[in-house]
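Asks: One predicted model, sequence on top.
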Amino acid sequence: MADRARPLGRAGRLGVGAGALVLAATLGPLAAVLAQAGAFSALGPADWAALRFTVLQALISACLSVALAVPLARALARRRFFGRGALITLLGAPFILPVIVAVLGLIAVFGRAGIVNMALAAVGLPGVSIYGMHGVILAHVFLNLPLATRLILQGWLAIPSERFRLAASLGMGPADVQRRLEWPMLRDVGPGVLMAIFLICLTSFAVALTLGGGPRATTLELAIYQAFRFDFDLGRAAALGVAQFALCALAAGVALGLSAPAGLGAGLDRVPMRWDSGGALLRVQDGMLLVLSALFLMAPLAMVIARGVPMIWDLPTPVWWAALRSVVLAVAVSVLTLGLALVLATAIVRLGPRTLGRGLETAGMLTLAASPLVMGTGLFLMLQPWVAPPRLALPVTGLVNALMSLPFVLRIILPALRDSERDFGRLADSLGLTGLARLRWLTLPRLRRPLGFAAGLTAALSIGDLGVIALFADTDAATLPMQVLRLMGAYRTDQAAGAAVVLMALALALFWICDQRGRAGAEL
Amino acid sequence: MSSTQPRPSLLEDDMRFPTIAAGCLIAMAAQAETPVLKVLTYDSFVSEWGPGPAVEQAFEARCGCDLQWDAPGDGAALLARLKLEGARSDADVVLGLDTSLTGAAAATGLFVPHGTTPKLDLPIAWDDPLFLPFDWGWFAFVYDKTRLPVAPDSLRALAQSDVKIVIQDPRSSTPGLGLLLWVKAAYGDQAAQIWADLADNIITVTPGWSEAYGLFLEGEADMVLSYTTSPAYHLIAEEDASKAAAAFDEGHYLQVEVAGKLANSDQPALADQFLDFMLGAEFQGVIPVTNWMYPAATAPEGLPKGYETLMQPKKSLLMSAQDAMMVRDGALAEWLTALAR
């Protein structure tokens, strides 16, 4: 590194500033909650129950998601069929699908008036209720099974095709391939996927808010919301917030330590040909699995679309206002996140393996362990003396959303920036290209693709977010997910579906537009 | 309903998108001279079938002002909202607390005395200096006679049955809090046991009354915590006599819903005018057929036809505002513990 000996430099100073900002915005609110609370309230039996429930449901959700994803990914890895590409693309969609839309779809399928209960009633069986622990787990599996499948499928596709060729020439059947190739891969990939989903489910709020059945099915995030919004008990909110932070930090630490090398050797990136696809029985098994999974993942969305599309033109005006507010918020969050991430990433790459560089990288990843609701509560307390609470709803929501997406965005752009600086950094240095000019002529063109993808992801996640906004939204500042929730609460199910279709369309459109803009310059 | 202002409530609005811009412009022009009265209330009050729209129209016709509702959730959440905003709240009047909450609400110091002694038709004497009642009713479990032919006849019988119920969270909803105090008033030290027995009857706990009643109507539960007056809605508005409120041996807990004026109001005269209007014939007349509760000051023409069919509890239970405040936290802990199992 040529500039290791140089002082921090402008990029470094900017990066340290951004890092300090992120740190302050992440840890400051926690401190504010603590200070305001004066002292922790002791956790009562119900809070311990919330802690137990949070861990238990996250564990079951993660295990179920991975257990179902393994055979599904295997079927996708070893079968070629019409629509396979489309199915894999579709599996990427639930990650950016607003949670409230998924919940609405699941109620349409598994709720009392849904298709499953109607079928059960038709054959004289007792109905099932979607409220409570099983509902929360069902929703988490629905939302995370596709992610798990994609990640595990990548593991499968990363096994060099030469290994399958070798296995075939050695006369291995499906069972041997499973033992020699697939198990070692799963042992490497599985735990990381499991922990990632466990972490996502730990901070679950919207699902527990809509499908949790009272104190028996309350997550820590929901308990924080209730302590703040129902009791205005800041001591309890603070104690719960610290418990949540500790839990997430522990899980995130374990997750980061879990990525182990695959040990399957290098290959020539040939498209794998599979000789171990077995007989008719295996084929039928894989086929059934694919059909059932596609049905499970698509039926709820199809229900929402079928119910919602005819309602779109009859939506009440506040829904459109909320939609406008949500789009503006999402765009602002994208710009803010990308700006922060670029400044941080530039400094991290500049500073290289120095302690300060590593510190900045850690600061950027810190929000992986943070609870959005604690951050929201704390930011509210910090800003409240200066700004009237209702005016804070959207800015605080935006800031928290930006901080929560920062780790993802950093992960997407850091490798690309490292490549760009390694390949062109010296040339740019010799041309004296620094500051904004370097950003314009080197960084932005080289990073166009990852930046587009990151912007799309951030915008989609932000527009669908139902978390902090629920803490203080009043009627004048509601976002679209909040309006969907209100319509559901008022049992305007059709209008809720209509608003949900709009929400889903906006999330997909924002993602697609940003991603396409990123790709458009890729031929450079 | 003729206001061109963008409506504060999602539910009462039916305008279409293209009208927004026009509405916005007119509203901005009108805002300059019209004083605004902000009333913080609960969601079902301002729903399109609730009293909100009629009350707004009638009051705006006489006050020369713009009445704006803010309805963030159910009644009990209003108090947390007030504590959160403190003296900064831009609301002038809070409408929709009840006697389970007035003790805690008075303790915030955010309310000022109403200074009036109106004539009321309440089952209890009224001498609260800060809050004025606008309606009242008895809590009850409502069921559908066609789906549940024989309803339990007491809280204890309900707890021991396998009838499925939906209730509201006592931290966010006044009916939920009412049930908490109902069980406490009827069973005292045994309340925890009743809740433990009730736990397996409860399908889910909703944040507000609207959600719970909606779940019941969708068929998710056999009974829902509501009011003895709820069947009147189905009878009068839908000509459906299938809903009934179960009479419980322990007696029924009373709810008196109240409104109060905030000390920080920038429209104190308008707020007084609103509280006065609240106990007048126009407001009180719509209460039985929109909020489906007994009016606090019955109109001269009496209650609407259909109310005479409603179940009349043999015994009323009610704690004083002071007692309710003292009992609440302990009762809530019992409830949380029993239901978290």
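Replies: Happy to help now that I have it.
Asks: Mind telling me what element residue 241 is part of?
Replies: Assuming you mean chain A. helix A:234-257 (DSSP states H and E).
Asks: hm, I was asking about chain B
Replies: Applying DSSP H and E, one finds residue B:241 in no helix or strand.
Asks: surely residue B:87 meets residue B:265?
Replies: No. Checked against Cβ atoms under 8 Å, the pair residue B:87 and residue B:265 is beyond contact range at 10.8 Å. For glycine as for every other residue, the C-beta is placed from the backbone atoms N, C-alpha and C.
Asks: Compare these two (neighbour count), which wins?
Replies: residue B:265 (19 against 11; other Cβ atoms under 10 Å in any protein chain shown).
Asks: Report how many residues lie close to the one residue in the stretch 101-250 of chain B that gets nearest to chain A.
Replies: Residue of the stretch 101-250 of chain B nearest chain A, by Cβ to the nearest Cβ: residue B:205 (2.8 Å). Burial of residue B:205 is recorded as 26 neighbouring residues (other Cβ under 10 Å).
Asks: right, and it touches residue A:213 too?
Replies: Yes. Between residue B:205 and residue A:213 there is a contact at 6.4 Å, judged by Cβ under 8 Å.
Asks: Now do the strands in the stretch 151-300 of chain B.
Replies: Remark: strands assigned in the stretch 151-300 of chain B by DSSP state E, counting those that start in this stretch are B:165-168, B:202-206, B:223-227, B:243-245, B:252-262, B:294-295.
Asks: pLDDT on the fifth one, on average?
Replies: What strand B:252-262 shows for mean pLDDT is 96.
Asks: And residue 287, what's its pLDDT?
Replies: The chain I'm using is chain A. Looking at residue A:287, the pLDDT reads 87.
Asks: Correction: the question concerned chain B.
Replies: Taking residue B:287 on its own, its pLDDT is 93.
Asks: Could you tell me which residues make contact with it?
Replies: Residue B:287 is in contact with B:51, B:134, B:135, B:293, B:294, B:295, B:296, counting by Cβ atoms under 8 Å, 6 or more residues apart in numbering or on different chains.
Asks: Make TSV from these and add neighbour count, pLDDT and distance to chain A to it.
Replies: TSV is the format used below for the contacts of residue B:287 (neighbours: other Cβ atoms under 10 Å in any protein chain shown; pLDDT from 0 to 100; distance: Cβ to the nearest Cβ, whole Å):
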residue	neighbour count	pLDDT	distance to chain A
B:51	27	93	16
B:134	26	95	21
B:135	25	94	21
B:293	22	94	19
B:294	24	94	24
B:295	23	94	24
B:296	24	94	26
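Asks: Determine how far the helix or strand harbouring residue A:425 lies from the middle of the whole chain.
Replies: When elements are assigned from DSSP H and E, residue A:425 belongs to helix A:389-430. From the chain centre to the centre of helix A:389-430 is a distance of 16 Å (Cα atoms, centre = their mean, to the nearest Å).
Asks: Against which helices or strands is that helix packed?
Replies: helix A:9-37, helix A:317-351, helix A:355-365, helix A:372-383, helix A:444-446, helix A:448-463, helix A:468-472, helix B:75-85 (3 or more Cβ pairs under 8 Å, 6 or more residues apart in numbering or on different chains; DSSP states H and E).
Asks: So the residue nearest the centre of chain B versus residue B:332, what's the distance?
Replies: Among the residues of chain B, the one closest to the centroid is residue B:96, at 5.4 Å (Cα atoms, centre = their mean). Taken as Cβ to Cβ, to the nearest Å, the spacing of residue B:96 relative to residue B:332 amounts to 20 Å.
Asks: next one: residue A:231
Replies: In terms of Cβ to Cβ, residue A:231 sits 9 Å off from residue B:332.
Asks: Please identify every residue contacting each of those two.
Replies: Shared contacts of residue A:231 and residue B:332 (Cβ under 8 Å, 6+ apart): residue B:171.
Asks: where do the helices sit along the stretch 1-150 of chain B?
Replies: In the stretch 1-150 of chain B, the helices defined using DSSP state H, counting those that start in this stretch lie at B:19-31, B:52-63, B:75-85, B:102-107.
Asks: I appreciate the help and will end here.
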